[in-house]
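Chemist: need a structure here:
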Amino acid sequence: MAKISIYTDGSSKGNPGNGGFGVILLSGGHRKDIAQGFRLTTNNRMELMSVIVGLEVIKSPNQEVTIYSDSKYVVDSVNKGWVFGWQKKNFKGKKNVDLWQRFLLIYPKHQVKFVWVKGHANNKYNEACDRLAFNVADESNLAIDSAYEALQKG
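Modeler: I've put the predicted structure just below:
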């Protein structure tokens, strides 16, 4: 069983604004890049979405996965156990509930470790994810972050 490294990043041009995420999966000698842009979202949503999508594309269960992220929001929420406390309290008063619930469905399917990396510090794969996220946010055919937009309409 090969170990899997997932590098992630999210971007938002305006917060909220158009945004995107970038993911790079590395395992053995293989690399897979994934990116998607959204017309209205936030940076934190894109940071979390990148982690979720990275985990969701892994085909076999119970893989040993290390996620590298420059998002303190995501890394601390998991490493410090905050998200599990939020879940017990039904996410009362928390943002991005839809994404955290989606994360909690995929997270237990693998052996996941989170590592925080400093953003914009010449980490090759973090920088590549940043470019992926930033570039897709400028595309003309952006996806709709339905849950976020529904909340904005109130």
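Chemist: And the average pLDDT for stretch 136-150 is what?
Modeler: Stretch 136-150 carries an average pLDDT of 94.
Chemist: Compute the first-to-last residue distance for that stretch.
Modeler: Terminal residues of stretch 136-150 are spaced 22 Å apart (Cα to Cα, to the nearest Å).
Chemist: Run the chain-centre distance for it.
Modeler: How far stretch 136-150 lies from its chain's middle: 15 Å, per Cα atoms, centre = their mean, to the nearest Å.
Chemist: Not counting that stretch itself, show me its contacts.
Modeler: The contact list for stretch 136-150 (Cβ atoms under 8 Å, 6 or more residues apart in numbering) reads 11-13, 16, 18-22, 35-42, 45, 98-99. Placement of C-beta: from N, CA and C, glycine included.
Chemist: again, 7 Å this time
Modeler: 11, 13, 18-20, 35-41, 45, 98 (Cβ atoms under 7 Å, 6 or more residues apart in numbering).
Chemist: which ones are touching residue 49?
Modeler: Counting by Cβ under 7 Å, 6+ apart, residue 49 has contacts 10, 21, 99.
Chemist: Where does the residue nearest the centre of the chain sit, in terms of helix or strand?
Modeler: For the chain, the residue nearest the mean C-alpha position is residue 50 (2.5 Å; Cα atoms, centre = their mean). If you go by DSSP states H and E, residue 50 is part of helix 43-56.
Chemist: quick one: buried residues of that helix?
Modeler: Using 16 or more other Cβ atoms under 10 Å as the test for burial, helix 43-56 gives 43-55.
Chemist: Only the buried residues of the helix or strand just after that helix, if you could.
Modeler: Past helix 43-56, further along toward the C-terminus, the next helix or strand under DSSP H and E is strand 64-69. Of all the residues in strand 64-69, those buried under the rule 16+ other Cβ under 10 Å are 65, 67-69.
Chemist: Tell me how many other residues crowd the nearest residue to residue 137 once chain neighbours are set aside.
Modeler: Leaving aside its chain neighbours, residue 137 sits nearest to residue 20 (4.0 Å; criterion: Cβ to Cβ, 6 or more residues apart in numbering). When neighbours are defined as other Cβ atoms under 10 Å, residue 20 has 27 of them.
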